[in-house]
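Q: Sequence and predicted structure below; questions after.
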Amino acid sequence: MKDRFGREHNYLRISVTDRCNLRCHYCMPLHAKFFDQVLSFDEIVTVVQVASELGIRSVRITGGEPLVRPNLPELIYRLKTECDLEEISCTTNGMLLERFAKDLKDAGLDRINVSVDTLRPERFRKITRFGSLETVLYGLRRALEVGLTPLKINAVILNGFNDDEIEDLFQLTLVEDVTVRFLELMPIGEALSLNGLGGYLNLSKVRRALTEKYGLVPADERGHGPARYWKAPGAPGKVGFITPISDRYCATCSRLRLTANGEIRPCLAYDVHVNLRDAIRQGDREAIAAGIARALEIKPAGHHWDEGKITQTVMSSLGG
Ligand code: SAM
Ligand code: SF4
């Protein structure tokens, strides 16, 4: 499945809800408006079946917070057994992970990414508005216990907020088999009004500084996503950097997004999309396939954030 620029697409992010039990300042407004209706599990399975026939090999379940969607393990099981996929992963804030890790694993989930921007409880509460670091750490422990590995931790780094914790987060990779991924802030929706909680930080510079200090070497892993991975010699874990602004990776983008209300979004940086809601409601597989093809046709070459353009849609309804 190639787009106009010859990029092969084999990865679909599926947002199963635009709701969330947290309100991270860079992602979601305190008083968010939600979709009236979201796709049913039957509808999501149909889209994934069509997408996999077209070339999608891996899916990532996201949100909002995917674990607030009732019966999520059932969807994972259905994707595993009714769709032809190589990998099913999930990105979560971890608040409900202790409760659901085993069910998710048993249902067939392959991997999980947990978002943890800070290791300080007060800060955690501040950036997420309602989150509890302790609860998330219990969730991480449970995920490791049930074998949802290799575990990845996502940390959005904000200059002046948690940039002083980069080394602490990185040092987890020196003692645990975890991958810590640092994300640059993307100018999407709420990210422009951070209420004084810091701002964009160039993480390519951070990578260079860490490389020099710890002698990082490239790690062989190259996932489906945009992260590039390094590790300290002899360390069990890895560190990844997602640097859309300071080191853009648009030329190798392989992903499409399905929103919870049935839109295909070809690029996070633009609000353009193909609305497949009616085709999905009618179970019209040809129209769904045509919509996915159309999304590839209109996919831009790359983001335009460095020209000062921003994405209006809030991240929580795009799925990250
Ligand atoms: N609720 C889940 C979570 O927080 O992991 C999944 C959805 S969340 C939208 C997916 C990822 O997007 C999270 O790792 C989050 O930190 C990241 N994210 C949200 N807004 C962002 C922004 N403006 N810039 C960069 N990353 C962002
Ligand atoms: Fe919710 Fe995830 Fe957005 Fe935070 S980043 S508000 S946890 S969807």
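A: Good, I have the coordinates. Ligands and ions are numbered 1, 2, ... in the order given.
Q: which residue sits closest to the residue in the chain that ligand 1 sits nearest to, ignoring its sequence neighbours?
A: Closest residue of the chain to ligand 1, CB to the nearest ligand atom: Gly320 (2.6 Å). From N, CA and C alone the C-beta is placed, and that goes for glycine too. Excluding the flanking residues, the one nearest Gly320 by CB to CB, 6 or more residues apart in numbering is Thr62, at 5.6 Å.
Q: How about the contacts made by that neighbour?
A: The contact partners of Thr62, taken as CB atoms under 8 Å, 6 or more residues apart in numbering, are Arg13, Ile14, Ser15, Val16, Cys90, Thr91, Gly319, Gly320.
Q: pLDDT at it, what is it?
A: Thr62 is assigned a predicted lDDT (pLDDT) of 98.
Q: And for Arg99, the neighbour number?
A: The local packing of Arg99 (other CB atoms under 10 Å) involves 14 other residues.
Q: Okay, and it sits in which element?
A: Element membership of Arg99, judged by DSSP states H and E, is helix 97-107.
Q: For that helix, C-alpha coordinates in CSV please.
A: Taking Å, rounded to 0.1, in the frame of the first residue of the first chain, the C-alpha atoms of helix 97-107 are listed here in CSV:
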residue,chain,number,x,y,z
LEU,A,97,-3.2,-1.4,33.8
GLU,A,98,-2.9,-3.3,37.0
ARG,A,99,-6.5,-4.4,36.6
PHE,A,100,-6.4,-5.3,32.9
ALA,A,101,-2.8,-6.4,32.1
LYS,A,102,-3.5,-10.1,32.5
ASP,A,103,-6.8,-10.0,30.5
LEU,A,104,-5.0,-8.1,27.8
LYS,A,105,-2.2,-10.5,27.7
ASP,A,106,-4.5,-13.5,27.7
ALA,A,107,-6.5,-11.9,24.9
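Q: What residues does the stretch 201-320 of the chain have near ligand 2?
A: Met315, Ser316 (CB under 6 Å from any ligand atom).
Q: the strands in the stretch 201-320 of the chain, which residues?
A: All strands of the stretch 201-320 of the chain, identified by DSSP state E, counting those that start in this stretch, fall at 217-218, 228-231, 238-242, 255-258, 263-265, 274-275.
Q: need the contact list for Tyr138.
A: Taking CB under 8 Å, 6+ apart, we find Tyr138 in contact with Leu97, Glu98.
Q: For it, which three-state class applies?
A: Following DSSP: H, G, I helix; E, B strand; the rest coil, we place Tyr138 in the helix state.
Q: Could you report the pLDDT at it?
A: With respect to pLDDT, Tyr138 scores 98.
Q: picking that back up, quick check: which of the strands of the stretch 201-320 of the chain is nearest to Glu43?
A: strand 255-258 (9.9 Å; CB to CB).
Q: Please see if that closest one touches ligand 1.
A: No: using CB under 6 Å from any ligand atom, strand 255-258 never reaches ligand 1; the gap is at least 10.8 Å.
Q: partners of that strand in the sheet?
A: Here strand 255-258 is paired, per DSSP bridges, with strand 11-15 (parallel), strand 263-265 (antiparallel).
Q: Put together JSON lines for these, with mean pLDDT, distance to Thr211 and mean neighbour count on each row.
A: Output for those, formatted as JSON lines (pLDDT from 0 to 100; distance: least, CB to CB, whole Å; neighbours: other CB atoms under 10 Å):
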{"stretch": "strand 11-15", "mean pLDDT": "98", "distance to Thr211": "27", "mean neighbour count": "25"}
{"stretch": "strand 263-265", "mean pLDDT": "97", "distance to Thr211": "33", "mean neighbour count": "23"}
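Q: okay if I get those strands as a markdown table plus distance to Lys309?
A: As requested, the strands paired with strand 255-258 are exported to a markdown table (distance: least, CB to CB, whole Å):
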| stretch | distance to Lys309 |
| --- | --- |
| strand 11-15 | 21 |
| strand 263-265 | 16 |
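Q: sorry, back to before: show me what the helix holding Arg99 packs onto, helices and strands only.
A: helix 72-82, strand 111-115, helix 133-145 (3 or more CB pairs under 8 Å, 6 or more residues apart in numbering; DSSP states H and E).
Q: What mean pLDDT does it get?
A: The average pLDDT for helix 97-107 rounds to 98.
Q: Would you mark the buried spots in it?
A: By 16 or more other CB atoms under 10 Å, the buried positions in helix 97-107 come out as Leu97, Glu98, Phe100, Ala101, Lys102, Asp103, Leu104, Lys105, Ala107.
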